[in-house]
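Engineer: Here is a sequence with its predicted model. Questions after.
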Amino acid sequence: MDNIYRHVLLCILTGLVTLLPIGGTILLIVFAERSLSPLIPAKFYFPGEGLLAVILLLYLLGLTLTTVVGRWLWNLLDTTLAKFPGLGMLYRTLKQVLGLESGEGALFQRVVLVHDQGTGGAEVGLVTATEGSGDATQLVVFVPGSPNPAQGRLLRLPPSRVLATDLSVDKALKSLFSLGKAWL
């Protein structure tokens, strides 16, 4: 029963991560288009106004978040959302899956390159856990697949088989999902 639960959860999260950026963008554009249409006189309305509004709103949001007050407000909102029952769990899970959290509590702790002994090359890997200690230390590394990075393989490797990188988890995930494979 536990295997079925994990399988269903993995499939749902994989689908969500795959569709979230595309679906969110489409919903945001449609919402902006429908919300702005009634407010603007017909003679000034033009198709694509929603897309223009989304770009402008994203710019203004980014501009706000780069200020001290904006970062403080964002941290306050982030903390508040994380505390909501039910919604907080979904919010934290999405942040972890999207790589916006890092460190010990995050789904992906850091980015490494995994040596491929067959080809002599290296693949991007995301460390999910460290097991054991001393010479028995093993890293649990998720190596995303191509063309769908949400699917891949999970490896247990000694630290000598990986090469540390200074790439952040969120940047690695953005690269993987936009290119299919990160070329570092």
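Structural biologist: It's in. Numbering: from 1, shown residues only.

Engineer: most remote residue from the chain's center?
Structural biologist: Within the chain, the residue lying farthest from the chain centre (C-alpha atoms, centre = their mean) is Lys43, at 40.9 Å.

Engineer: Could you tell me which residues make contact with Ala121?
Structural biologist: To be clear, residue 121 is Gly; Ala isn't right here. His115 (C-beta atoms under 8 Å, 6 or more residues apart in numbering). Quick note: C-beta positions are derived from backbone N, CA and C, even for glycine.

Engineer: which phi and psi does it have?
Structural biologist: As for Gly121, its main-chain torsions (degrees, to the nearest 10) stand at phi -90, psi -160.

Engineer: per-residue pLDDT, it?
Structural biologist: We have a pLDDT of 81 for Gly121.

Engineer: swap in the one 3 residues further on?
Structural biologist: If you check Val124, the pLDDT there is 86.

Engineer: Can you check my assumption that it lies in a strand?
Structural biologist: Yes: Val124: assigned to a strand according to DSSP: H, G, I helix; E, B strand; the rest coil.

Engineer: Surely it and Arg110 touch.
Structural biologist: No: applying C-beta atoms under 8 Å as the test, Val124 and Arg110 come out as separate, 11.4 Å apart.

Engineer: and Leu73, which of the three is it?
Structural biologist: helix.

Engineer: can you tell me how far the nearest residue to it once chain neighbours are set aside sits from Trp74?
Structural biologist: Distances taken as C-beta to C-beta, 6 or more residues apart in numbering put Thr64 closest to Leu73, at 7.8 Å, once the chain neighbours are dropped. Taking C-beta to C-beta, to the nearest Å as the measure, Thr64 falls 8 Å from Trp74.

Engineer: try Ile40
Structural biologist: Taking C-beta to C-beta, one finds Ile40 at 30 Å from Trp74.

Engineer: for this protein, which helix is longest?
Structural biologist: Criterion DSSP state H: the longest helix present in the chain is helix 2-36.

Engineer: which neighbours does the helix or strand harbouring Val141 have in its sheet, and in what orientation?
Structural biologist: Element membership for Val141 (DSSP states H and E) is strand 138-144. Paired with strand 138-144 in the same sheet, following DSSP bridges, are strand 122-131 (antiparallel), strand 152-157 (antiparallel).

Engineer: Pull out the buried positions in it.
Structural biologist: Judged by neighbour count using 16 or more other C-beta atoms under 10 Å, the buried positions of strand 138-144 are Leu139, Val140, Val141, Phe142, Val143, Pro144.

Engineer: Out of these, show me where the pLDDT dips lowest.
Structural biologist: Within the buried residues of strand 138-144, pLDDT is lowest for Pro144, at 82.
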